[in-house]
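Asker: Here is a sequence together with a model predicted from it:
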Amino acid sequence: MQKNDLLNKKLLELKTTMPDSILADHFKLRPDMEQKYTDHQKQNFKKDVAWILSFLAESVWVGQPVLFEEFVSWLKTFLSSVRVPMKDVAESFTLIKKGINEVCTPEENKIINPIIEKAIISILSENQILSLPATENHLSFLAQEYLDNLLIGNRNKSLSLILGEVKSGTPVKEMYIQVFQPVQYEIGRLWQTNKISVAQEHYCTGATQLVISQLYPYLFTGERKDKKMVTTCVPGELHEMGARMVTDFFEMDGWDTYYLGANMPIESVIKYLGEVKPQCLAISATMTYHVGAVEEMIRRIRSSELVSSTLKILVGGYPFMVAKDLWKSIGADGYAVSADQAIDLANSLIAA
């Protein structure tokens with residue numbers, strides 16, 4: 001798939017100028033709002049415009065409009081939860097489209113306009129799909145009790161619930177899939193719908209990371225394999241929970257794992273790969289506007305003399321779940337929906 005580098009660059013450059021001009025145009029249409037907006041609200045408005053441009057640029061760059069559609073759906077849910085009128089949001093998108101059309105070529109606008117116009121229709125539509133609830137399973141009651149304690153700040157009780165269940169014989173894998181994963185989805189949904197604050201969301205995620213760390217003695221019980229894998233997030237990516245969980249699954253499968261964490265500089269990753277010499281690298285990106293960073297990391301790893309040419313690279317995260325063939329266009333060897341599938345895929349790629 002050929003990427004639209006020039007249009008991507010134009011859209012990203014607009015992030016420095018367009019937020020101010022869109023805010024000014026907004027006040028021209030709504031003179032009464034200028035006096036009502038606080039400085040904080042003005043800054044948030046401009047940040048939102050820059051954010052929209054980031055998602056739009058990445059979506060256009062990889063030729064995957066569905067990425068922007070999913071972002072708009074998420075944005076609509078979030079802004080509705082804080083009672084922002086959808087007609088105001090649609091108005092902002094219309095102004096953004098107008099501003100882009102003024103600086104882009106007719107051919108470029110043929111790419112941009114349908115994407116933004118579809119977004120405006122979605123914003124004004126009364127139908128809205130929220131995050132799906134967790135699937136019922138035999139640990140659903142535990143997951144709910146675990147979440148309830150996290151939300152009231154009772155981290156110790158949450159930890160004791162998990163340790164008690166594991167000590168009673170429940171496999172750690174089941175705890176990851178049937179407790180931690182649905183709880184993290186629900187925490188994200190609660191924040192998205194303005195039911196909990198950013199502080200609560202961060203606390204809950206941090207608490208779950210602490211709980212997971214207490215389960216590490218249970219991860220090293222299986223037969224060890226002569227296989228190594230490194231997991232990392234791209235520069236700027238701060239969401240690391242999914243990557244950490246995938247790494248733990250590989251550890252439970254007998255691999256020697258090396259988890260580098262969030263926001264890793266590409267040069268540092270390349271140097272580490274040269275030192276450790278793994279058979280597999282897993283790269284994680286949660287935010288759509290980090291897809292470009294994933295592509296750059298893969299490209300630079302492939303061209304480095306420090307890294308073996310036989311290294312298999314898997315990618316994971318929300319953008320790759322939304323756009324099923326996205327992994328192919330950025331040079332990865334594969335993408336898996338779940339941690340179990342990632343293990344199967346890695347084993348098959350190495351054996352091939």
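Answerer: Looks like it arrived, so ask away.

Asker: Output the lengthiest helix in the chain as PDB, nothing but the C-alphas.
Answerer: In the chain, assigned by DSSP state H, the helix with the most residues is helix 39-61. Extracted in PDB, the C-alpha atoms of helix 39-61 (Å, rounded to 0.1, in the frame of the first residue of the first chain):
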ATOM      1  CA  ASP A  39      -8.900  30.500  29.000                       C
ATOM      2  CA  HIS A  40      -8.900  26.800  30.000                       C
ATOM      3  CA  GLN A  41     -11.800  26.100  27.600                       C
ATOM      4  CA  LYS A  42     -10.100  27.900  24.800                       C
ATOM      5  CA  GLN A  43      -6.900  25.800  25.300                       C
ATOM      6  CA  ASN A  44      -8.900  22.600  25.400                       C
ATOM      7  CA  PHE A  45     -10.700  23.600  22.200                       C
ATOM      8  CA  LYS A  46      -7.400  24.100  20.400                       C
ATOM      9  CA  LYS A  47      -6.000  20.900  21.800                       C
ATOM     10  CA  ASP A  48      -9.000  19.100  20.400                       C
ATOM     11  CA  VAL A  49      -8.500  20.500  17.000                       C
ATOM     12  CA  ALA A  50      -4.800  19.500  17.000                       C
ATOM     13  CA  TRP A  51      -5.900  16.000  18.200                       C
ATOM     14  CA  ILE A  52      -8.400  15.700  15.300                       C
ATOM     15  CA  LEU A  53      -5.700  16.600  12.800                       C
ATOM     16  CA  SER A  54      -3.400  14.000  14.300                       C
ATOM     17  CA  PHE A  55      -5.900  11.200  13.900                       C
ATOM     18  CA  LEU A  56      -6.900  12.400  10.400                       C
ATOM     19  CA  ALA A  57      -3.300  12.700   9.200                       C
ATOM     20  CA  GLU A  58      -2.500   9.100  10.300                       C
ATOM     21  CA  SER A  59      -5.700   7.700   8.900                       C
ATOM     22  CA  VAL A  60      -5.000   9.400   5.500                       C
ATOM     23  CA  TRP A  61      -1.300   8.400   5.500                       C
END
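
Asker: Could you check it and say which residues are buried?
Answerer: Buried positions in helix 39-61, judged by neighbour count with 16 or more other CB atoms under 10 Å: 42, 45-46, 48-49, 51-61. Backbone N, C-alpha and C define where each C-beta goes, glycine included.

Asker: Please apply the same query to stretch 311-324.
Answerer: Neighbour count says stretch 311-324 has 311-320, 322-323 buried, by 16+ other CB under 10 Å.

Asker: Stretch 18-25 too?
Answerer: The neighbour-count check on stretch 18-25 (16+ other CB under 10 Å) flags 18-19, 21-23, 25 as buried.

Asker: nearest to residue 101, of these?
Answerer: Among those, residue 18 lies closest to residue 101 (CB to CB), at 11.9 Å.

Asker: what's the nearest residue to the closest one if we skip its chain neighbours?
Answerer: residue 99 (5.3 Å; CB to CB, 6 or more residues apart in numbering).

Asker: pretty sure the one you found is in contact with residue 14, am I right?
Answerer: Yes. Counting by CB atoms under 8 Å, residue 99 touches residue 14, with 7.1 Å between them.

Asker: on that earlier part again, between the buried residues of stretch 311-324, which sits nearest residue 291?
Answerer: residue 319 (5.3 Å).

Asker: so the closest one sits in a strand?
Answerer: No. Read with DSSP: H, G, I helix; E, B strand; the rest coil, residue 319 is helix and lies in no strand.

Asker: for residue 148, what are its contacts?
Answerer: Applying CB atoms under 8 Å, 6 or more residues apart in numbering to residue 148 gives no contacts.

Asker: Using a markdown table, lay out the buried residues of stretch 311-324 together with distance to residue 275 and pLDDT.
Answerer: Below are the buried residues of stretch 311-324 laid out as a markdown table (distance: CB to CB, whole Å; pLDDT from 0 to 100):
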| residue | distance to residue 275 | pLDDT |
| --- | --- | --- |
| 311 | 13 | 97 |
| 312 | 18 | 97 |
| 313 | 17 | 98 |
| 314 | 20 | 97 |
| 315 | 22 | 97 |
| 316 | 23 | 93 |
| 317 | 25 | 91 |
| 318 | 30 | 90 |
| 319 | 29 | 93 |
| 320 | 27 | 94 |
| 322 | 34 | 91 |
| 323 | 33 | 91 |
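
Asker: got CSV for those, with distance to residue 139 too?
Answerer: Output for those, formatted as CSV (distance: CB to CB, whole Å):
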residue, distance to residue 139
311, 36
312, 32
313, 33
314, 27
315, 29
316, 23
317, 25
318, 24
319, 29
320, 27
322, 27
323, 31
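
Asker: Name the nearest residue to the residue nearest the centre of the chain, ignoring sequence neighbours.
Answerer: Compute the mean C-alpha point of the chain, and by CA atoms, centre = their mean the closest residue is residue 286, 1.5 Å away. Residue nearest to residue 286 in three dimensions, not counting chain neighbours: residue 239, with 3.8 Å by CB to CB, 6+ apart.
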